[in-house]
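Enquirer: need a structure here:
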Amino acid sequence: SLDLTKRDLMSLQGKTDDEIRAMHDALIQKVKDLGGSAGNNKLIRELGWDEDDYWIIRDRVVDLGSLRRYRARGGAVAIVPPPVAAEKTVANEQEAPQNFECPQPVEPAERDLYEPVATVLRGAWAKDSRFRHHVVEITASQGRRNTGGTWTRPDIVVAALRVFPFLPGKFFDLITFEIKPSWALNVTAVYEALAHRRAATQSYVWLHSADIDADAEAIDRITEEAERHGIGLIVATDPNDYNSWDIRVDPSRVEPDPEVLNEFIALQISDGAKDELAAWVR
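Expert: Below is the predicted model:
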């Protein structure tokens, strides 16, 4: 079996090895019961587990090769090897998001989207992405501070560290996000994100759309351009709810020049976050 980390053991404190193995088996069985694939949010509800316990057990089962992560709204997992109908099941899963708020008559300004998106990035998205450590900063509003130019200044930056059980070392990612409200859906967002990638390992465009059917034509054009350039694309109806986040395109991971990456961190990241990043690599 795969050993749990010290952090995981603290989170599962009070549970015996047999209880942890039972949770491992219960998760796999629940995914099978739900047709071979299911969303993370649905599994948490169905199992009745504490959310932190779920993420630890889910990651352990994925590392053991019994489940694989699956791209879907809110993130999902599927049995390995998946049944024929697994992809269709997840793709068609349209759970009504909890605490979903109807769109307001007045579309939000771009700056009003920053904080809710950053909150989800710090929480459910980071957990689903399996980050060991992460820092999320809103970098759009830095006044006259010299950050290298308008198109080189992302709206949100995520610095993250990942560790894999079968690979040596630590893997650092610097991920940028270009945020666009529903009244600004055009391919320019992709080119802005592409400018960020000179100093980032991955770049995303995040789009808000209160009515995806009405915005379908614009979203399709942006999707095509994002795929062509290796830029990630997320479309969401509710910035506060990860279960409404539809990851349309996974970003290509690149290795920027270390000096350029270091300079980007120096210009874009706050001093407190820089200290935290430095501690990761010591």
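Enquirer: how near is Pro258 to Ala273?
Expert: Summarising the geometry, the distance separating Pro258 from Ala273, computed by C-beta to C-beta, to the nearest Å, is 18 Å. Every C-beta, even on glycine, is put in place using the N, C-alpha and C of the backbone.
Enquirer: what about those two, which has more around it?
Expert: More crowded of Pro258 and Ala273, by other C-beta atoms under 10 Å: Ala273, with 16 against 8.
Enquirer: what's the helix or strand for the more buried one?
Expert: When secondary structure is defined using DSSP states H and E, the element that contains Ala273 is helix 271-280.
Enquirer: next: Glu115.
Expert: Remark: Glu115 resides in helix 110-120, with elements defined by DSSP H and E.
Enquirer: what do you get for Ala210?
Expert: When secondary structure is defined by DSSP H and E, Ala210 falls outside every helix and strand.
Enquirer: tell me the mean pLDDT for stretch 236-243?
Expert: If you average the pLDDT over stretch 236-243, you get 96.
Enquirer: now the end-to-end length of stretch 31-41.
Expert: Start to finish, the residues bounding stretch 31-41 are 12 Å apart (C-alpha to C-alpha, to the nearest Å).
Enquirer: before we move on, what about stretch 158-173?
Expert: Where stretch 158-173 begins and where it ends lie 8 Å apart, using C-alpha to C-alpha.
Enquirer: for Val77, see how far away Ile57 is.
Expert: Ile57 is 11 Å from Val77, by C-beta to C-beta.
Enquirer: more neighbours, the two?
Expert: Legend: neighbour count by other C-beta under 10 Å for Ile57 and Val77, higher for Val77 (27 against 22).
Enquirer: what's the closest non-adjacent residue to the more buried one?
Expert: Nearest non-adjacent residue to Val77, counting by C-beta to C-beta, 6 or more residues apart in numbering: Leu67, 4.4 Å away.
Enquirer: need the pLDDT of that neighbour.
Expert: pLDDT recorded at Leu67 is 90.
Enquirer: got the contact list for it?
Expert: For Leu67, the set of contacting residues under the criterion of C-beta atoms under 8 Å, 6 or more residues apart in numbering consists of Leu27, Ile28, Val31, Arg58, Val61, Val77, Ala78, Ile79, Val80.
Enquirer: what subset of those is buried?
Expert: Neighbour counting by 16 or more other C-beta atoms under 10 Å classes Leu27, Ile28, Val31, Arg58, Val61, Val77, Ala78, Ile79 among the contacts of Leu67 as buried.
Enquirer: among those, which one lies nearest to Glu227?
Expert: Ala78 (22.6 Å; C-beta to C-beta).
Enquirer: name the element that closest one belongs to?
Expert: Under the criterion DSSP H and E, the helix or strand holding Ala78 is strand 76-79.
Enquirer: for that strand, which outside residues touch it?
Expert: For strand 76-79, the surrounding residues in contact (C-beta under 8 Å, 6+ apart) are 28, 31-32, 36-40, 43, 58, 61-62, 66-70, 86-87, 90, 93.
Enquirer: ok, 10 Å please
Expert: Defining contact as C-beta atoms under 10 Å, 6 or more residues apart in numbering, one finds that strand 76-79 is touched by 27-28, 31-32, 34-43, 58, 61-62, 66-70, 72, 86-87, 89-91, 93, 128.
Enquirer: mind listing what Trp280 touches?
Expert: With contacts defined as C-beta under 10 Å, 6+ apart, the neighbours of Trp280 are Arg132, His133, His134, Val135, Ala159, Ala160, Leu161, Lys170, Phe172.
Enquirer: the second one is in contact with Phe171, isn't it?
Expert: No. Under the criterion of C-beta atoms under 10 Å, His133 makes no contact with Phe171, lying 11.3 Å away.
Enquirer: re the thing from before, now the two most distant members of the buried ones among the contacts of Leu67.
Expert: Farthest apart among the buried ones among the contacts of Leu67 by C-beta to C-beta are Arg58 and Ile79. That separation is 13.0 Å.
Enquirer: need the overlap of contacts for those two.
Expert: Common neighbours of Arg58 and Ile79 are listed as Val31, Leu67 (criterion: C-beta under 10 Å, 6+ apart).
Enquirer: Leu113 and Thr237: what is the separation?
Expert: In this structure, Leu113 and Thr237 are separated by 12 Å, where distance is defined by C-beta to C-beta.
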